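[1] No sequence on hand, only this structure:
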């Protein structure tokens, strides 16, 4: 129920799924999606799988990135909203779709456009 409310709230503000955080403010997941990011240093990251569910789209994306050498490295990372200045690309991964996130709470992600990894 909480995730459905989060998605509704996000949509009321022009968003899509919303992003759930833990009590320390670390980004976890979307209402029905994993989230992942590409850092400005070229690394690909996602929240620790000990705190989220490994979705099939995340699993597929990691495999494709490993095989293509598109990113510098792939790692689990904990991020807060205050850390988003380090992120070049942010996206939801769900149902074999990658949905770019260009802004979070009025914080522009990267240059505000869909990036090459997304």
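    Okay, I see it. In this text, all values refer to a predicted model and were calculated from it rather than measured experimentally.

[2] now the helices: where do they sit in the protein?
    For the chain, applying DSSP state H gives helices covering 2-12, 56-68.

[3] Confidence-wise, which of those is weakest overall?
    Here the helices of the chain differ in mean pLDDT, and the lowest is helix 2-12 at a mean of 62.

[4] how near is the spatially most central residue of the chain to residue 115?
    By Cα atoms, centre = their mean, the mean C-alpha position of the chain lies nearest to residue 35, the distance being 2.7 Å. From residue 35 across to residue 115, the span is 14 Å (Cβ to Cβ, to the nearest Å). Heads up, the C-betas are built off the backbone N, CA and C, glycines and all.

[5] repeat for residue 34
    17 Å.

[6] more neighbours, these two?
    More neighbours surround residue 34 than the other of residue 34 and residue 115, with 23 against 16 (other Cβ atoms under 10 Å).

[7] What number of residues are in the vicinity of residue 70?
    Residue 70 has 14 nearby residues by other Cβ under 10 Å.

[8] List the contacts of it.
    44, 64, 117 (Cβ atoms under 8 Å, 6 or more residues apart in numbering).

[9] Roughly how far does it sit from residue 103?
    24 Å.

[10] sorry, back to before: may I have the beta-bridge partners of the residue nearest to the centre of the chain?
    With DSSP bridges applied, residue 35 shows beta-bridge pairing to residue 92.

[11] Quick one: residues contacting it.
    Residue 35 touches 19, 27, 28, 29, 46, 47, 90, 91, 92, 93, 101, counting by Cβ under 8 Å, 6+ apart.

[12] now those residues: which count as buried?
    Buried by 16 or more other Cβ atoms under 10 Å: 19, 27, 28, 29, 46, 47, 90, 91, 92, 93, 101, out of the contacts of residue 35.

[13] Name whatever forms a beta bridge with the last one.
    Beta-bridge partners of residue 101, counted by DSSP bridges, are residue 90.

[14] which ones are touching it?
    Counting by Cβ under 8 Å, 6+ apart, residue 101 has contacts 16, 19, 35, 90, 91, 92, 109.

[15] how near is it to residue 89?
    8 Å.

[16] Name the residues contacting each of these two.
    Contacts common to residue 101 and residue 89, judged by Cβ under 8 Å, 6+ apart, are residue 109.
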